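> Just the structure for this:
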Amino acid sequence: MKPAAALSALAIGAFAIGTTEFTPMGLLPVIAEGVQVSIPTAGMLVSAYAIGVMAGAPVMTLLFSRFGKRAALMALMVLFTVGNLLSAFAPSYATLLLSRLSTSLNHGAFFGIGAVVAASVVPKDKQASAIAMMFMGLTIANIGGVPAATWIGQQVGWRVAFGGTAVLGLVTIAALWLALPQGTPGARPDVRRELKVLTRPEVLLAMGTTVLGAGAMFALYTYVAPVLADITHASPSFVAFALVLIGIGFTLGNSIGGKLADWSLDGAAKLILGALAVVMAVLPLVMTTHVGAAIGLVVWGAAAFGIVPPVQMRVMQAAAQAPGLASSVNVGAFNLGNAVGAALGGAVIGQGLGYAAVPLAGAALAAGGLGLVWLGNARRRPVSISSSI
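Residues are numbered from 1 along each chain as shown. Here you go, the predicted structure:
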């Protein structure tokens with residue numbers, strides 16, 4: 001097995017999942033009209049997906065743990081493909097909601113099992129970069145996949161967008177089949193033992209860091225359009241351009257975060273979370289001009305997503321006896337962080353503190369994550385991640 005081929009197949013899957021996760025956000029008005037509901041009601045499609053990710057991550061990981069890693073990943077992408085096809089042909093809002101929920105069940109388990117596979121195909125000193133390579137597909141989806149699917153949905157129809165995303169699932173299945181060895185079935189999981197591993201203080205601290213890091217990101221990302229309109233006086237076209245810049249920042253940060261984590265997991269987490277807190281604190285000052293906003297958002301995007309590889313590796317090492325389950329649950333923790341960040345940003349706006357206070361709230365979450373890294377250092381022991389695939 002060639003590591004590059006395996007990582008590329010995992011990245012293709014991440015690209016497909018990223019595309020289906022974020023595309024509905026840009027198509028809510030079109031979808032709402034198509035199934036005859038209000039836009040806020042259509043927004044529940046996004047919430048249902050997030051709930052499915054959090055609930056499905058541990059359940060699907062334990063369910064598929066008796067499979068070989070290739071078989072498990074392919075089965076998860078079959079679920080992804082069927083879910084998107086059901087979404088494309090959903091006759092009503094209720095069936096569309098259920099389709100999105102079923103689609104999301106693969107998300108956490110795919111990234112969780114995929115992270116273990118990615119770490120297992122490279123030397124110990126390259127494991128974080130390998131995980132970053134898989135997540136690169138998710139960041140590139142924000143640059144290419146999501147805008148393309150959104151455009152198709154607006155021009156041709158949202159059902160076609162979901163159908164096209166299902167095709168990405170088929171491509172991923174083929175790539176996994178070609179790139180990964182068949183592997184051997186796993187043993188029946190000791191559910192009680194694996195769940196007990198997740199209750200260790202060092203594991204909980206590592207996952208708490210994930211929640212706060214993701215919360216810092218989504219405190220601003222959720223409201224970036226109105227923040228730009230208020231502080232930068234940006235036009236809709238500049239907002240669209242800014243979203244592309246953020247996607248570029250995500251991609252750069254993912255790569256940088258992986259390399260820094262290979263150098264030092266704790267050092268990378270401290271450096272990136274500290275940088276994220278500082279960048280978000282100064283954003284209200286630099287976003288007063290279009291040039292400042294453009295530069296600031298690229299740097300912010302790099303810091304925001306740069307934390308992903310180190311926190312994923314920290315959780316996997318802290319829970320070395322159950323790395324697949326811990327990795328999957330940590331992806332659910334990202335989604336919990338998304339909800340926390342969005343809720344905090346909304347609360348700041350709702351309290352009349354102004355849009356300039358939104359990135360400041362994110363800075364506070366990043367600082368909190370930095371504090372958890374310091375607390376967790378004494379408890380975490382470095383362990384190499386390996387797995388038979």
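> quick one: low-confidence parts of the stretch 51-200 of the chain?
In the predicted model, the stretch 51-200 of the chain carries pLDDT under 70 at residues 183-191.
> in it, which spans are helices?
Along the stretch 51-200 of the chain, the stretches classed as helices by DSSP state H, counting those that start in this stretch are 69-88, 93-120, 127-140, 146-155, 158-179, 191-198.
> out of these, which comes closest to Asn338?
helix 93-120 (12.1 Å; C-beta to C-beta). For the C-beta atoms, the positions are set from N, CA and C on the backbone; glycine is no exception.
> Buried residues of stretch 253-262, list them for me.
253-258, 260-262 (16 or more other C-beta atoms under 10 Å).
> Next, give me the two most distant ones among those residues.
Of all pairs in the buried residues of stretch 253-262, the most separated under C-beta to C-beta is Gly253 and Asp262 at 14.9 Å.
> Would you check that Ala90 makes contact with Ser102?
No. Proximity of Ala90 to Ser102 does not meet the contact threshold set by C-beta atoms under 8 Å, at 11.0 Å.
> following the host helix or strand of Val203, which helix or strand shows up next?
Using DSSP states H and E, Val203 sits within helix 201-221. Following helix 201-221 in sequence order, the next helix or strand is helix 224-227 (DSSP H and E).
> Mind listing residues that contact that following helix?
220, 239, 242-243, 246, 287, 297, 349, 355-356, 358-359 (C-beta atoms under 8 Å, 6 or more residues apart in numbering).
> Among the residues you listed, which lie within helices?
220, 239, 242-243, 246, 297, 349, 358-359 (DSSP state H).
> how far away is Ser47 from Ala75?
26 Å (C-beta to C-beta, to the nearest Å).
> again but with Val315, I slipped
24 Å.
> Give me the more crowded residue out of these two.
Neighbours of Val315 and Ala75, each counted by other C-beta atoms under 10 Å, are more numerous for Val315; the result is 29 against 18.
> how far off helix 191-198 does the host helix or strand of the more buried one point, in degrees?
Using DSSP H and E, Val315 sits within helix 308-318. Put simply, helix 308-318 runs at 120 degrees to helix 191-198, going by axes from the mean of the first three to the mean of the last three C-alpha atoms, to 10 degrees.
> which helices and strands sit right next to helix 308-318?
helix 93-120, helix 127-140, helix 201-221, helix 236-263, helix 265-286, helix 323-350 (3 or more C-beta pairs under 8 Å, 6 or more residues apart in numbering; DSSP states H and E).
> got those helices as a markdown table, with distance to Val311 columns?
Formatted as a markdown table, those follow (distance: least, C-beta to C-beta, whole Å):
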| stretch | distance to Val311 |
| --- | --- |
| helix 93-120 | 11 |
| helix 127-140 | 10 |
| helix 201-221 | 5 |
| helix 236-263 | 9 |
| helix 265-286 | 6 |
| helix 323-350 | 7 |
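> Of those, which is nearest Ile12?
helix 127-140 (6.1 Å).
> Helix 323-350 and the closest one, what's the angle between them?
Using the same axes, to 10 degrees, helix 127-140 lies at 50 degrees relative to helix 323-350.
> chain center to helix 127-140, what's the gap?
Distance of helix 127-140 from the chain centroid (C-alpha atoms, centre = their mean, to the nearest Å) equals 11 Å.
> Check stretch 57-71 too.
19 Å.
> Can you give me the first-to-last residue distance of that stretch?
Stretch 57-71 has an end-to-end distance of 17 Å (criterion: C-alpha to C-alpha, to the nearest Å).
> what's the closest of the helices and strands packed on helix 308-318 to Leu176?
Judging these by C-beta to C-beta, what sits closest to Leu176 is helix 93-120, at 9.4 Å.
> could you say what helices and strands the closest one packs with?
helix 3-35, helix 44-64, helix 69-88, helix 127-140, helix 308-318, helix 323-350.
> quick one: average pLDDT of the longest one?
Looking back up the chat, that one is helix 3-35. In this model, helix 3-35 carries a mean pLDDT of 89.
> With the fifth one instead?
Over the span of helix 308-318, the pLDDT mean works out to 86.
> tally of neighbours for Phe230?
For residue 230 the amino acid is Asp, not Phe. Asp230, neighbours per other C-beta under 10 Å, totals 16.
> What about it? Give its phi and psi, please.
Dihedral angles of Asp230 (phi, psi; degrees, to the nearest 10) stand at phi -80, psi -50.
> Touching, it and Tyr355? I think so.
Yes. When contacts are counted by C-beta under 8 Å, Asp230 is listed as touching Tyr355 (4.1 Å).
> Correct me if wrong: Ile307 contacts Ile256.
No. Ile307 lies out of contact with Ile256 (C-beta under 8 Å); the separation is 10.5 Å.
> residue contacts, the closest residue to Pro323 other than its chain neighbours?
In space, Pro323 comes closest to Met316 once its chain neighbours are excluded; the distance is 4.5 Å by C-beta to C-beta, 6 or more residues apart in numbering. Neighbouring residues of Met316 by C-beta under 8 Å, 6+ apart: 115-116, 119, 323, 326-327, 330, 385.
> Kindly recompute the last result at 7 Å.
Counting by C-beta atoms under 7 Å, 6 or more residues apart in numbering, Met316 touches 115, 119, 323, 326-327, 385.
> which one of those residues is nearest Ala166?
Ala115 (24.1 Å).
> For that closest one, grab the count of nearby residues.
30.
> now it: how far from Met217?
According to C-beta to C-beta, Ala115 stands 19 Å off from Met217.
> What of Ala242?
15 Å.
> Name the residue in the two with the higher neighbour count.
Each of Ala242 and Met217 has its neighbours counted (other C-beta under 10 Å); Met217 has more, 28 against 24.
> Select only the buried ones of the ones in helices among the contacts of helix 224-227 in ChimeraX?
Buried residues among those (16+ other C-beta under 10 Å), as a ChimeraX selection:
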select :220,239,242,243,246,297,349,358,359
